[in-house]
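Enquirer: Need a 3D model of the following:
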Amino acid sequence: MGFDQTVTGKDRGEGARAVEGVVIELLPQAAYIVELHTRARVKAHAAGAGKANFSRLRPNDRVLVELSPHDPTRGRITKLL
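Expert: Down below sits the predicted model:
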């Protein structure tokens, strides 16, 4: 992708895999530490358009996280379960 191309929703999810996890810790600037079912911990943030209508997350909330294909320690929270 070039500098002048925009990222669409279809392009954003390529290669990402969704896993279930539990919010462990709240971080500044709407970031969260999420522990996955594999006991791995990832740093995640609320997904783009969902930020406006996203409910507040608290520790022990179950969430669905899309892991980045480039960095498996980063992800985006797509759904509150």
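Enquirer: longest strand in the chain, by residue count?
Expert: Using DSSP state E, we find that the single longest strand of the chain is strand 17-27.
Enquirer: Could you give me the buried positions within the following helix or strand past that strand?
Expert: As assigned by DSSP states H and E, the chain's next helix or strand after strand 17-27 is strand 31-36. For strand 31-36, the neighbour count (16 or more other Cβ atoms under 10 Å) marks 32-34, 36 as buried. For the C-beta atoms, the positions are set from N, CA and C on the backbone; glycine is no exception.
Enquirer: mind putting these in CSV, pLDDT and distance to residue 77 included?
Expert: Below are those laid out as CSV (pLDDT from 0 to 100; distance: Cβ to Cβ, whole Å):
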residue, pLDDT, distance to residue 77
32, 95, 7
33, 97, 11
34, 97, 7
36, 94, 12
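Enquirer: What are the boundaries of the helices in this protein?
Expert: In the chain, the helices defined using DSSP state H lie at 9-12.
Enquirer: for it, which spans come out with low pLDDT?
Expert: 1-14, 48-54 (pLDDT under 70).
Enquirer: and the residue nearest to residue 16 when sequence neighbours are not counted, how many neighbours?
Expert: Spatial nearest neighbour of residue 16, chain neighbours left out: residue 66 (4.3 Å); criterion: Cβ to Cβ, 6 or more residues apart in numbering. Applying other Cβ atoms under 10 Å, we find 19 residues neighbouring residue 66.
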